[in-house]
Structures are given as structure tokens and as C-alpha cells.
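Enquirer: turn this into a structure:
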Amino acid sequence: MNIYVLLKRTFDTEEKINLLNGEINEEGAEFIINPYDEYAVEEAIQVRDDQGGEVTVVSIGCEEAEKQLRTALAMGADKAVLINSEDDVEDGDQYTTAKIIAEYLKDKQADLIITGNVAIDSGSGQVGPRVAEMLGIPAITTITNLEIDGHTVTVVRDVEGDSETIEASLPLLVTAQQGLNEPRYPSLPGIMKAKKKPLEELELDDLELDEEDVEAKTKTIEVFLPPKKEAGKLLSGEINEQVSELVQLLRNEAKVI
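Expert: As a prediction, this is how the structure comes out:
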């Protein structure tokens, strides 16, 4: 089975993120594999071990993304591809990413494509479905279970606190939701093997794309931190006094009634 995982290098949101001139300051920031993409890598490895085949992880961005690709290789993926768009794409968006990935995958005869449900930096959840649309294959999002029998795939997907079971056929793109699996940590032997596994680096020219082909459809005007939460109010007195004070606060301060 020919399995591809779409992987993104993201900020580690457990670490402090600083803003500079309306943009995230990357200097000194920590970067990791997007956590939802870790579920995708793990699921791809499990499918390969059960069905046979090969797992290729694909990422778009700068040369520094090689570190996250090597981590995926250490987890057990077979090959990695880095499409370096740093010099060609100044302000890309989800359309840009999907267009580049779809162009790379169009002749790869992928059976199964897996990516994270969302990226923790943008949270749009657009790239996976956009890639599927461009490739002309089905897409199922937010999956929490996946079973393959021949060319038939049965998935369970999360739907607003409930779940639904869907049957589809290969080729197929799915996006991984939390709960799909428990991603493994790279072992020391895996880290050593990852150094020798193939990691191909491509440019847009290699895909016969130019800047106009991948021009962003949206523009980020500004990035800003949410306002600090104000201290809460503790109501005291008898119940009827607390209720009266609460009503006044909701009406005069919160202005919700």
C-alpha cells in the first residue's frame, strides 16, 4: 500500500510565543511536529505494518522542517520529502499548501493519504480536504478509527461529541483526530536508522510550478494575543442578595441582559 502523510512544522504552543510588529517572532521559538499530524504518522505506520507497503511523509516550508521529518522517520516512516518553498512563496495560505501538495501527489498513485485534522497554529482544517478535491478523491475528516479490508475502508469519525461510521473505497484521504491512536516516541535505534533513510528535497521548479500558480487566496492582516482575563468577582451574602447582585452585574457590566 502506498501511504502518504502530510506533515506540518508548527510552533510548540506549550512554550511562550512572542509577537513582533503584528507577526509571530520565530527567533528563539520552539518548533515541533503538529500534534494532530503525529496521529497521522502513527496511523500510517500501523496501516503499513498490517497491510504492507511504504509510508512517505511530506512537508512544505523551510529547510528547518527537515528536523520534524527526521523525527517522523525515526518513528518508523520509510521516506520523507521536503518541498522547500521558502524562496518562492512569501505569503502562502492553505490554498498554496494544498496546491503544492496536490501537484506533488498527482502522479504518485497514493492509496491512502493521512494528515492531521487541524494545525495548532492556524486551526483552519482546510489543507486535507483541499488536497482531496484537487486530486479528485474522497476525503473523510476527524477520524478516530480506521479499518481496511482490501479496497474497502471503514472509518469512525468524531462529529460534535458523537460519532458516525462511514464506508469508502481507496484511494482515500483522511484527517486524524485526537483519540485515533497513541503516537509512539522515536526509539534510539529508530533515530539512528532515520539518519540513513531517504529524505528528498524539492523546489517549486521541480513540480513545474511558479509563484502565480500558488498565489495565496487570503491574506493575514495581523496576529495578536487574546486579551488578558480580568479577575472574577466573588459574591457574598444571602442567596437572594447574591442573585440580585449577579443580575445587576450581568445587566450593567457584562451587558448581556
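Enquirer: make it CA atoms for all contacts and neighbour counts henceforth
Expert: Noted.
Enquirer: buried sites along the strand ranked longest in the chain?
Expert: Counting by DSSP state E, the longest strand found in the chain is strand 139-149. Neighbour-count burial for strand 139-149 flags 139-146, 148 (criterion: 16 or more other Cα atoms under 10 Å).
Enquirer: relative orientation of the helix or strand just after that strand and strand 139-149 in degrees?
Expert: Counting by DSSP states H and E, the element after strand 139-149 in chain order, helix or strand, is strand 152-159. Counting by axes from the mean of the first three to the mean of the last three Cα atoms, to 10 degrees, strand 152-159 points 140 degrees away from the direction of strand 139-149.
Enquirer: just checking, what packs against the helix or strand that strand 152-159 is followed by?
Expert: Under the assignment DSSP H and E, the closest C-terminal helix or strand after strand 152-159 is strand 162-169. In terms of contacts (3 or more Cα pairs under 8 Å, 6 or more residues apart in numbering; DSSP states H and E), strand 162-169 is packed against strand 152-159.
Enquirer: any idea which element the residue nearest to residue 195 when sequence neighbours are not counted lies in?
Expert: The spatial neighbour of residue 195 that comes closest, neighbours along the chain excluded (Cα to Cα, 6 or more residues apart in numbering), is residue 70 at 7.3 Å. Per DSSP H and E, residue 70 falls inside helix 66-75.
Enquirer: so how far is stretch 229-242 off the chain centroid?
Expert: A distance of 42 Å separates the centroid of the chain from that of stretch 229-242, by Cα atoms, centre = their mean, to the nearest Å.
Enquirer: nope, stretch 92-112 is what I meant
Expert: Using Cα atoms, centre = their mean, the offset of stretch 92-112 from its chain centre is 14 Å.
Enquirer: what comes up buried for that stretch?
Expert: 92-105, 110-112.
Enquirer: next helix or strand past the helix holding residue 70?
Expert: Next along from helix 66-75, by DSSP H and E: strand 79-84.
Enquirer: got the angle for that next one vs helix 66-75?
Expert: With the same axes, to 10 degrees applied, the angle from strand 79-84 to helix 66-75 works out at 170 degrees.
Enquirer: quickly run through the sheet partners of strand 79-84, with directions.
Expert: Strand 79-84 pairs in its sheet with strand 54-61 (parallel), strand 199-203 (parallel), by DSSP bridges.
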